[in-house]
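Colleague: Provided below are the primary sequence and the corresponding predicted coordinates.
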Amino acid sequence: MPEPGLARPISVITPEEAVAELERLHAKGVDALRAALTGFLAEGRKPDAATRRLFRYPALHVTYAPLEAPAATRRAFAKFPTPGRYTTTIAQPAAFRAYLLEQLRPLTEEFGATLEVGPGAQEIPYPYVLERGDELALRGVSAAELARHFPVPLLSEMGDEIADGLWDFRPDEPRPLSLFDAVRVDYSLQRLVHYTGTNWRDIQPWILLTNYHRYVDQFIAWGLQQIRAEGPYDRLILPGGISIDARMSEEEARALAASTPWHRFQMPAYHLTAPGRQGVTLVNIGVGPANAKNITDHLAVLRPHCWLMVGHCGGLRESQRIGDYVLAHAYLREDRILDKSVPVGVPIPALAEVQVALQQAAAHVTGESGEALKARLRTGTIVTYDDRNWELHWSQERRRINMSRAIAVDMESGTVATQGFRMRVPYGTLLCVSDKPLHGEIKLPGAASAFYERSIGEHLRIGLAAIDILKRQVETLHSRKLRSFDEPPFR
C-alpha cells in the first residue's frame with residue numbers, strides 16, 4: 001500500500017513507458033523541491049505537508065508471476081531468482097535510461113513481468129537538487145534551519161545492505177530490484193563530483209584506475225591524439241570541467257590540458273568519450289586501500305562494465321626486472337579494509353574474460369609472444385597491504401608471503417578486486433614492477449631506469465587495448481561468478 005497522501009503506482013505496458021514515467025515523476029519531485037527552496041530562501045515560505053509529499057523519488061515495481069517456467073538463459077542479469085514483487089526507488093532516471101531499458105526489456109519480454117511506477121517513500125534530500133552547491137552560502141541560511149523544513153541526507157536511510165546480502169527477507173514485503181536505491185545512488189553521485197572534479201555524467205562505463213600520476217600524463221597525450229584521429233573518440237574531459245575536442249587547435253588543446261586544476265581534487269578523473277557511452281575513464285586514485293575502497297564505493301552506482309587496476313607494484317622475485325608486468329590471478333588481502341563486508345575466507349576469483357583480454361592486449365602492444373612474453377608478463381598472486389612500510393616488518397611478513405607464493409606487492413589491487421566482487425563489477429589487475437624491495441632495488445629519487453620510464457606508456461596502452469577487447473564481449477563479461485543465488489534482478 002502506498003504511504004497515506006501519496007498517489008498509487010500506475011501500471012505501464014512497456015519498459016519505455018516505465019522509464020518515461022520515472023523521468024516525469026523524478027523531474028516533478030526535483031522541480032517542486034527547487035521551487036520550495038527558492039521560496040524559502042527568498043521569502044521565508046515554509047513548505048506545507050502537501051508540498052513536502054512532492055519531494056519524493058519515483059519507485060519502480062516489477063511483478064513476476066509466471067504461468068509456466070521461462071526459457072533458460074545463460075545471462076547473468078535481468079532474470080528473477082524466484083516469483084514475487086520486486087521494488088526499488090530510482091535516482092536520475094534520465095541519465096540511467098539506457099541501463100534501465102537494458103534491465104527491464106528482458107524481464108518483460110522473456111519473463112512476462114508486469115511494471116508499475118509511482119511516487120516512492122524516500123524523500124529527495126535538498127542538497128542533491130542544488131545546481132551549483134553554493135546557493136545557501138549566498139543567502140546566509142544555515143543548514144540546521146533548512147533541515148527543519150526540507151529533507152536532508154540521513155545515514156539511517158542509506159547503506160549497502162543489499163549489496164552485502166544483509167537485507168531482511170519478509171514474505172509480505174517486496175524483494176529488492178537493484179543493488180542500490182535512489183538515496184544511495186544520489187549520495188555517491190555527489191561524492192564522485194567532489195573527489196574526481198568532474199561531472200558524474202561524464203564518467204564512462206569502462207574504467208582504468210591508477211596509483212601514479214605519470215599514467216595521467218600518458219592518458220592525456222594519448223587522448224589528444226585520439227580525438228584528432230579517425231577513431232571512435234570525440235572529446236577529452238579533464239578535472240575542472242575542461243573539455244577538449246578536435247575543433248580546437250593543437251596548441252589550444254595542449255594549453256587547456258596543461259591548465260587543468262587536477263591538484264584541487266583528491267582522485268582526479270579524465271574521460272575520453274565516444275558515442276553510445278563507449279569511452280574510457282582514467283581515475284588517479286592515489287595510494288592506499290582507503291582511497292581504492294572510497295572511489296569504487298561510488299563508481300559502483302554507475303554500474304560500469306569493468307574497472308581495471310593499472311599501476312605500480314614491488315616485484316618479489318629475483319627473476320623480475322624493473323618494467324616487467326604482473327597479471328594478478330589471486331590476491332593475498334592484507335589491506336583489511338573490507339574484512340567485515342567480504343571476510344578474508346571468501347575467495348576473490350580471477351575472471352577468465354578479463355585475464356584473457358589483458359594477456360592478449362599485452363601480446364598485441366608489446367609485439368611479443370610465447371617465452372618472450374612470459375619473460376616480461378608473469379601471472380601470480382599479489383599481496384595488497386594497508387601499510388606502505390611493510391618492509392620494516394619483513395621478519396614477520398616473510399613466512400606469509402612465502403606461503404602465498406606471491407610475486408608482487410601493492411596497496412590497492414586486492415581492494416579494487418574485492419570491491420568488484422562485492423559490487424558485481426567485472427575487475428582485473430595488470431601492474432608494472434617499479435622496485436624490488438627484497439633484492440636491493442628500492443624506490444629512491446631518480447632511481448627509475450629509462451626502460452621503466454618508457455614502460456608507463458606501453459602499460460597504459462595495454463590497459464586500453466584490453467578494454468577494446470572486452471567491449472566486443474560485454475554480454476559474457478558480466479559473469480555469473482559475481483552473482484549470488486538470491487540476487488536482485490538488475491545488474
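Modeller: Arrived safely.
Colleague: give me the element Ala18 is part of.
Modeller: Here Ala18, judged by DSSP states H and E, is contained in helix 15-43.
Colleague: I'd like to know which elements that helix is packed against.
Modeller: For helix 15-43, the helices and strands in contact under the criterion 3 or more Cβ pairs under 8 Å, 6 or more residues apart in numbering; DSSP states H and E are strand 10-12, helix 49-52, strand 56-64, helix 97-109, strand 114-123, helix 135-139. Every residue, glycine included, has its C-beta placed from N, CA and C.
Colleague: show me where the stretch 151-300 of the chain has its helices.
Modeller: 182-196, 213-226, 250-259, 289-299 (DSSP state H, counting those that start in this stretch).
Colleague: and of the ones you listed, who's closest to Glu391?
Modeller: Glu391 lies closest, by Cβ to Cβ, to one member of the helices of the stretch 151-300 of the chain: helix 289-299, at 17.1 Å.
Colleague: now do the same contact list for Leu316.
Modeller: Leu316 makes contacts with Val383, Ile401, Ala406, Ile407, Ala408, Val409, Lys436, Pro437, Leu438, as judged by Cβ atoms under 8 Å, 6 or more residues apart in numbering.
Colleague: at 10 Å what do you get?
Modeller: For Leu316, the contact set (Cβ atoms under 10 Å, 6 or more residues apart in numbering) comprises 326, 380-383, 401-402, 404-409, 433, 436-439.
Colleague: which residue, other than its chain neighbours, is closest to Leu54?
Modeller: Distances taken as Cβ to Cβ, 6 or more residues apart in numbering place Ala32 nearest to Leu54, at 3.8 Å, with adjacent residues excluded.
Colleague: I meant to write Pro9 there.
Modeller: Closest residue to Pro9 apart from its sequence neighbours, by Cβ to Cβ, 6+ apart: Gly118 at 2.8 Å.
Colleague: would you agree that neighbour is in contact with Arg24?
Modeller: No: Gly118 is beyond contact range of Arg24, at 11.3 Å (criterion: Cβ atoms under 10 Å).
Colleague: common neighbours of the two, please.
Modeller: Pro58.
Colleague: ok, the two, which is more surrounded?
Modeller: Taking neighbours as other Cβ atoms under 10 Å, Gly118 and Arg24 compare with Gly118 leading, 19 against 13.
Colleague: please name the residues that touch the residue nearest to the spatial centre of the chain.
Modeller: Nearest to the mean C-alpha position of the chain, by Cα atoms, centre = their mean, lies Leu299 at 2.5 Å. The neighbours of Leu299, taking Cβ under 10 Å, 6+ apart as the test, are 188, 191-192, 195-196, 200, 203, 205, 207, 209, 269, 281, 283, 285, 307, 419, 423, 425.
Colleague: which is the next helix or strand following the worst-scoring helix or strand of the chain on mean pLDDT?
Modeller: Lowest by mean pLDDT, DSSP states H and E among the helices and strands of the chain is helix 135-139, with a mean of 58. Later in the chain than helix 135-139, the nearest helix or strand by DSSP H and E is helix 143-147.
Colleague: and the contacts of that next one?
Modeller: With Cβ under 10 Å, 6+ apart as the criterion, helix 143-147 contacts Leu37, Phe40, Leu41, Pro125, Tyr126, Pro127, Leu136, Arg139, Phe150, Val152, Pro153.
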